[in-house]
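Visitor: coords please:
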Amino acid sequence: MIGRAQAMFFQHIARVRRRIYEILEQAMPDDRVSRYVHAALVVLTIGSVGSVVFESVPDYAQNYGGVFLTIELVTVAAFSIEYVLRLWIAPIHPPYRRLPLARVMFRHLFSLPALIDLLTILPFYLALVTPADLRALIVFRIFRFLKLARYSPGIRSLYEAIVNERRALMACIVILVALILVSASLMHLIEHDAQPTKFGTIPDAMWWAVVTLTTVGYGDVVPITPLGKMVAGLISILGLGMLALPVGIIATSFAEVIHRRDFVVTWGIVSRVPLFRDLDADDVAQVMRFLRSHTAVPGEIVVRRGELGHSMYFIASGQIELDRPKHAPVVIGEGDFFGELAVVKPTRRTTTARALVRTDLLMLDATDLRVLMAERPELGRRVEEASRQGVASMADDSASEQEIGGKA
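Guide: Below you'll find the predicted structure:
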């Protein structure tokens, strides 16, 4: 009996750990609790950074010191709990599952996100246990802003883009350092007699080179000889190119990351539609070429009952309400699809689809699909076979041959 109770207890602990993992890591796209928790953490992060900024104003610090202290205590408590929970769930992260516990703890504690989490709470606890003046350390609270990278898909995508292009960016840095050294050396040779205090040594001239190549141009150090001005003009032009080069590299990589993620998501949606379920990856990719995007505003009727259907729709984000006669309305969301009968054969809509919130849709027109089937006869045969088998009209009996949508 005791052994069974212990087993049940450990099973319960495992379920709790799994649930916390799902919440903190947003493992389930439709998890409301996870969205609320992450929204709360984002609000706390922004509020904490804002309090640090405004607390530096003497009048605000004097009049609202209690408010700032409350924000700090709540923030530190929440971030401390998050830090401990993330440490607890580290062993069930997919990359760590086959590693020894000690190695998991080491890799997690010294990972960049964990170090940022620690940095956000460490100044508070150090201020409690040491009498030293930690005002400079307390300023590190401003780095809590970096926690937004954990909760923002856009920032994570930008970080991924930088990591992917780290070699190219490192090459840009090497080239920039080389240009700084060459520029400083040239200006030292040209200007050291005219301005010995500013260009008398190469290290002195490097300040001018850095300011010029980064196009900042403070104006505190400028060449005065004709040859020096000519060289400075050339270096200024090179500086423009040096700024554009890493920006272009990061922008291109960022666009590729976003496109790749959109492709994966869209491919997952399309490949699960019964009509296309038996297609291989290449055929699904060909279908995706003909998808068009449409954003429906709240209340917009996407399809109306009785009209002739010519497109099917995939929901990339948002919610759609399907209103059918003699049936309760059905709400479908991200990853779902509806209107698939229209791309198989001409038919009138038996369902009215209305957007409940701002909804991003991907449309596949029947004409485009027929063109694709003509271009790729093998794909056409597969789609026609799926149509003949009745896969496209799933749940035919329960829905009275209605377009009820589906889970993709």
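
Visitor: any weak-confidence spans in the stretch 1-150 of the chain?
Guide: 1-2, 27-30, 131-140 (pLDDT under 70).

Visitor: Helices of the stretch 201-350 of the chain, residue ranges please.
Guide: 202-213, 226-271, 281-288 (DSSP state H, counting those that start in this stretch).

Visitor: These into JSON lines, with extra columns for distance to Phe337?
Guide: (C-beta placed from N, C-alpha, C; glycine too.) Shown next, in JSON lines, are the helices of the stretch 201-350 of the chain (distance: least, CB to CB, whole Å):
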{"stretch": "helix 202-213", "distance to Phe337": "53"}
{"stretch": "helix 226-271", "distance to Phe337": "7"}
{"stretch": "helix 281-288", "distance to Phe337": "12"}
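
Visitor: Reformat the ones you listed as CSV; add mean neighbour count, mean pLDDT and distance to Glu385.
Guide: Compiled in CSV, the helices of the stretch 201-350 of the chain are given as follows (neighbours: other CB atoms under 10 Å; pLDDT from 0 to 100; distance: least, CB to CB, whole Å):
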stretch, mean neighbour count, mean pLDDT, distance to Glu385
helix 202-213, 20, 91, 64
helix 226-271, 15, 83, 17
helix 281-288, 16, 75, 13
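
Visitor: Select, out of those helices, the one closest to Arg86.
Guide: helix 226-271 (23.4 Å; CB to CB).

Visitor: The closest one - contacts with which helices or strands?
Guide: Counting contacts by 3 or more CB pairs under 8 Å, 6 or more residues apart in numbering; DSSP states H and E, helix 226-271 is packed against helix 153-164, helix 166-191, helix 202-213, helix 281-288, strand 311-317.

Visitor: Buried residues in the last one, which are they?
Guide: Going by neighbour count (16 or more other CB atoms under 10 Å), the buried part of strand 311-317 is Ser311, Met312, Tyr313, Phe314, Ile315, Ala316.

Visitor: for those residues, which one is nearest Val182?
Guide: Ala316 (50.4 Å).

Visitor: I figured that closest one hits Phe337, correct?
Guide: No. Applying CB atoms under 8 Å, one finds Ala316 not in contact with Phe337, separated by 10.5 Å.

Visitor: intersection of neighbour lists for those two?
Guide: Ile269 (CB atoms under 8 Å, 6 or more residues apart in numbering).

Visitor: didn't Met187 look like it was pressed against Ala209?
Guide: Yes. Using CB under 8 Å, Met187 is in contact with Ala209, at 6.9 Å.

Visitor: Report the contact partners of the closest residue to Gly239 other than its chain neighbours.
Guide: Spatial nearest neighbour of Gly239, excluding adjacent residues (CB to CB, 6 or more residues apart in numbering): Leu213 at 4.0 Å. Shown in contact with Leu213 (CB under 8 Å, 6+ apart): Leu176, Leu179, Ile180, Ser183, Ile235, Leu238, Gly239, Met242.

Visitor: Just give the number of residues close to the second one.
Guide: Looking back up the chat, that one is Leu179. Look at Leu179: counted by other CB atoms under 10 Å, it has 19 neighbours.

Visitor: Next one: the spatially most central residue of the chain relative to Val42, how far apart?
Guide: Computing the C-alpha centroid of the chain and ranking residues by CA atoms, centre = their mean puts Pro153 first, at 1.6 Å. Pro153 sits 12 Å away from Val42, going by CB to CB, to the nearest Å.

Visitor: Right, I'll call it a day here.
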